[in-house]
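>>> next input, structure requested:
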Amino acid sequence: MRAAVAVQYLLPHRLLSRLVLWGARCRWRPWKDFLIRRVVAAYDVDLGEAALSDPRAYPNFAAFFTRALKPGARPLPSAQGAIACPADGRISQAGAIVDGRIFQAKGHQFSAAELLGDAAAATAYAAGRFLTVYLSPRDYHRVHMPLDGELLSTVHIPGRLFSVAPFAVAAVPRLFARNERLVCHFRGAHGPFAVVMVGAMLVSGIETVWGGVEVPPYASRTRARDWSGRGLHLARGDELGRFNMGSTVIVLLPADAPMLAPLAPEQPVRVGQNLANVTEVAKPGQDS
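The predicted structure is shown next:
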């Protein structure tokens with residue numbers, strides 16, 4: 001394991017990711033069908049819930065990886081004040097932000113200011129809460145809104161592309177605050193909240209529904225874009241963006257937002273799952 005971590009520092013992160021980008025978008029049928037078959041078999045991907053269940057129907061591997069799901073495959077919580085899980089995957093960590101610092105793994109923390117690239121913006125979360133979800137290659141790779149919100153701005157922050165697999169998260173200090181990432185700032189009913197899409201090694205792209213392809217190009221300097229006043233309101237559960245390979249989503253919530261339910265590391269989660277410590281509302285015909 002130590003060797004695998006050491007290699008993380010030596011590999012040409014961006015070159016490898018660009019090669020993956022090319023391979024993922026290649027439309028040569030034997031190649032893309034081979035890649036899709038290998039991933040479906042290796043990771044036991046459930047194509048039964050996909051809008052296109054025939055793996056041969058995808059024009060390239062990237063289209064398969066960012067596949068849409070059938071309508072109703074990820075229902076939203078019925079509870080008032082619920083926080084909807086933004087992605088399929090597993091909980092990396094979740095809990096309180098203590099003195100502006102976020103827990104990464106045993107022995108490792110990073111600050112909200114580092115993650116956001118903005119000390120002033122981080123003050124809103126000094127006593128708030130965070131949620132980190134890791135997406136593996138088998139997961140659905142679209143990211144959805146945890147709460148209703150108006151898009152205020154995005155910040156593309158340059159950085160490394162360390163793997164975000166559990167072994168790297170446990171070993172690389174401040175990993176999420178060092179990797180290239182796209183920070184999306186929103187305003188909701190309880191104040192500001194942020195959704196951070198973290199890049200990783202072999203992640204060939206990050207897209208948003210409002211701006212299209214955000215990464216690549218990989219950033220050489222921080223780039224902020226102001227979206228306020230444009231009427232970009234997204235409802236809880238709406239698609240926000242997508243990863244063209246597996247990575248990590250981090251949600252930052254202010255102190256006034258609903259409390260998160262107890263969430264254990266490695267706990268599997270799905271888009272739309274209620275992550276708040278609130279009770280579901282019984283639907284007509286259900287037992288209360």
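
>>> for the rest of this, base every contact and every neighbour count on C-alpha atoms.
Will do.

>>> list of residues touching stretch 91-98?
Stretch 91-98 is contacted by residues 102-105, 125-134, 166, 260, 262-269 when judged by Cα atoms under 8 Å, 6 or more residues apart in numbering.

>>> number of nearby residues for the closest residue to Gly81 other than its chain neighbours?
By the measure of Cα to Cα, 6 or more residues apart in numbering, the closest residue to Gly81 outside its immediate chain neighbours is Pro258, 6.4 Å from it. Close neighbours of Pro258, defined as other Cα atoms under 10 Å, add up to 18.

>>> Pro258 is in contact with Gln80, isn't it?
No. Using Cα atoms under 8 Å, Pro258 is not in contact with Gln80, being 9.9 Å away.

>>> which neighbours do those two share?
Val278.

>>> show me where pLDDT drops low in the stretch 151-288 of the chain?
204, 279-288 (pLDDT under 70).

>>> redo that, cut-off 50
Along the stretch 151-288 of the chain, the parts satisfying pLDDT under 50 run over 281-288.

>>> all strands for it, in order.
Using DSSP state E, counting those that start in this stretch, the strands found in the stretch 151-288 of the chain span residues 181-188, 191-198, 206-208, 212-215, 223-226, 233-234, 239-243, 248-253, 268-269.

>>> chain center to the second one: distance?
Read that as strand 191-198. 10 Å (Cα atoms, centre = their mean, to the nearest Å).

>>> can you give the contact residues for that strand?
Counting by Cα under 8 Å, 6+ apart, residues outside strand 191-198 touching it are 124, 176, 179-187, 206, 247-254, 256-257.

>>> using PDB, write down the CA coordinates of the one helix or strand Ser17 maps to.
Using DSSP states H and E, Ser17 maps to helix 13-25. Only the C-alpha atoms of helix 13-25 are listed here, as PDB (Å, rounded to 0.1, in the frame of the first residue of the first chain):
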ATOM      1  CA  HIS A  13      -1.600  13.000 -13.400                       C
ATOM      2  CA  ARG A  14      -2.800  15.300 -16.100                       C
ATOM      3  CA  LEU A  15      -1.100  13.400 -19.000                       C
ATOM      4  CA  LEU A  16      -2.800  10.200 -17.800                       C
ATOM      5  CA  SER A  17      -6.100  11.900 -17.500                       C
ATOM      6  CA  ARG A  18      -5.800  13.400 -21.000                       C
ATOM      7  CA  LEU A  19      -5.100   9.900 -22.400                       C
ATOM      8  CA  VAL A  20      -8.200   8.600 -20.600                       C
ATOM      9  CA  LEU A  21     -10.200  11.500 -22.100                       C
ATOM     10  CA  TRP A  22      -9.200  10.400 -25.600                       C
ATOM     11  CA  GLY A  23      -9.900   6.700 -24.900                       C
ATOM     12  CA  ALA A  24     -13.300   7.400 -23.300                       C
ATOM     13  CA  ARG A  25     -14.500   9.500 -26.300                       C
END
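
>>> circling back to that earlier point, list buried residues within the contacts of stretch 91-98.
Buried members of those, scored by 16 or more other Cα atoms under 10 Å, are 102-105, 125-134, 260, 263, 269.

>>> ok, back up a step: filter the contacts of strand 191-198 to the buried ones?
Taking 16+ other Cα under 10 Å as the criterion, what is buried in these is 124, 176, 179-187, 206, 247-254, 257.

>>> that's all I had, so thanks and see you.
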